[in-house]
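Undergrad: here is my input; please provide its structure:
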Amino acid sequence: MICFPNAKINIGLNIVSKRKDGYHNLETVFYPVPLKDILEFTVPENKIAKTNMLLSGTLLDIPDEQNICMKAYCLLSADYQLPNIQIHLHKMIPSGAGLGGGSSDAAFLLNELNQYFKLNIGHEKLLAYALELGADCAFFLKNKAVFANGVGNKFETIGLDLKGYYILIVKPEFSINTAYAFKNIVPCAPEITLKELIKQPVALWKDKIINDFELPLFEKYPELNKIKTALYKMGAKYASLSGSGSALFGLFKEKPKAERLFEGMFVFGANL
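TA: Numbering: from 1, shown residues only. Model (predicted):
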């Protein structure tokens, strides 16, 4: 079985309050984008001693057993006694970027295992498995634009459609530690909820829809602010950090020329 887990962007991200459990309530909009990994699993004809992973592409600096795909497999196998399989993950979505690549890989694997082995797991139960792996993991089971709140685990489908826009994603060589990003945030509920602001035309988002992580992270990492400024100079209608970074994106009405501006960085562009 082969599938193509896609990335997402965050359009706006407000850290509303800190919870008693140490997590934060937030509101954001998740939007799927066509930057994709390649994920395949096979069931060997001759039984193997244990499930294992083969990684290629952008390599991850973690042991295989800590990979979220392995965690997804183990989660289902514990309840359904799945046979050992071979997983091959070719990484195209950069990690530590705020693009949800790992969460997407895990969600797609849950769905593919459910279908291939005919487990007949309903959507709500599959959603519960995904939430055990990560708050935004559940988003990729539906993979449509949603307004998310809570800790990023409560979703409401919205009618946002960015068809006709060109997206340019830029990630510098460094990644950002999520714990550090949250450490420097001062929670504050917005005057107008993102759920309402997102209904306005994209051209009006620039001065109204913000990512709360930008202020502290731009101060520590000035290169991020330079990338955002460059995206606007290139003609972006809206540009922002995605999640807690370090990737930024710009939305354009036409494909921009960016070949020399971001040398040495990860750059991806596509029509939405």
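Undergrad: how is this protein divided into domains?
TA: The record's domain parsing of the chain by automatic domain parsing lists 2-157, 166-271.
Undergrad: confidence score at Lys206?
TA: If you check Lys206, the pLDDT there is 95.
Undergrad: neighbours of it, how many?
TA: Number of residues near Lys206 (other C-beta atoms under 10 Å) recorded here: 14. For every residue, glycine as well, the C-beta is placed using N, CA and C.
Undergrad: help me confirm that it is found in a strand?
TA: No. Under DSSP: H, G, I helix; E, B strand; the rest coil, Lys206 falls outside any strand and is assigned coil.
Undergrad: which ones are touching it?
TA: Tyr232, Lys237, Tyr238, Ala239 (C-beta atoms under 8 Å, 6 or more residues apart in numbering).
Undergrad: any weak-confidence spans in the protein?
TA: Counting by pLDDT under 70, the ranges of the chain that qualify are 22, 259.
Undergrad: residue farthest from the centroid of it?
TA: Asn46 (35.8 Å; C-alpha atoms, centre = their mean).
Undergrad: in which helix or strand does it reside?
TA: Assessed by DSSP states H and E, Asn46 sits outside every helix and strand.
Undergrad: then Gln115?
TA: Assigned by DSSP H and E, Gln115 belongs to helix 101-116.
Undergrad: could you give the angle of the helix or strand just after that helix to helix 101-116?
TA: Using DSSP H and E, the helix or strand that directly follows helix 101-116 along the chain is helix 123-133. In terms of direction (axes from the mean of the first three to the mean of the last three C-alpha atoms, to 10 degrees), helix 123-133 departs from helix 101-116 by 140 degrees.
Undergrad: which stretches of the chain form strands?
TA: Using DSSP state E, the strands of the chain run over 2-3, 6-18, 24-36, 38-42, 52-57, 86-91, 146-149, 154-157, 166-171, 238-241, 248-252, 266-271.
Undergrad: I'd like to know which elements the shortest one is packed against.
TA: Which is strand 2-3. Applying 3 or more C-beta pairs under 8 Å, 6 or more residues apart in numbering; DSSP states H and E, we find strand 2-3 packed against strand 38-42, helix 101-116.
Undergrad: check which residues of stretch 104-122 are buried.
TA: For stretch 104-122, burial by neighbour count (16 or more other C-beta atoms under 10 Å) applies to 104-114, 117, 119, 121.
Undergrad: go on, stretch 26-38?
TA: Leu26, Glu27, Thr28, Val29, Phe30, Tyr31, Pro32, Val33, Leu35, Lys36, Asp37, Ile38.
Undergrad: and those as JSON lines, adding distance to His88?
TA: Conversion of the buried residues of stretch 26-38 to JSON lines gives the following (distance: C-beta to C-beta, whole Å):
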{"residue": "Leu26", "distance to His88": "34"}
{"residue": "Glu27", "distance to His88": "36"}
{"residue": "Thr28", "distance to His88": "32"}
{"residue": "Val29", "distance to His88": "32"}
{"residue": "Phe30", "distance to His88": "27"}
{"residue": "Tyr31", "distance to His88": "28"}
{"residue": "Pro32", "distance to His88": "23"}
{"residue": "Val33", "distance to His88": "23"}
{"residue": "Leu35", "distance to His88": "19"}
{"residue": "Lys36", "distance to His88": "15"}
{"residue": "Asp37", "distance to His88": "11"}
{"residue": "Ile38", "distance to His88": "8"}
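Undergrad: kind regards, and thank you for your time.
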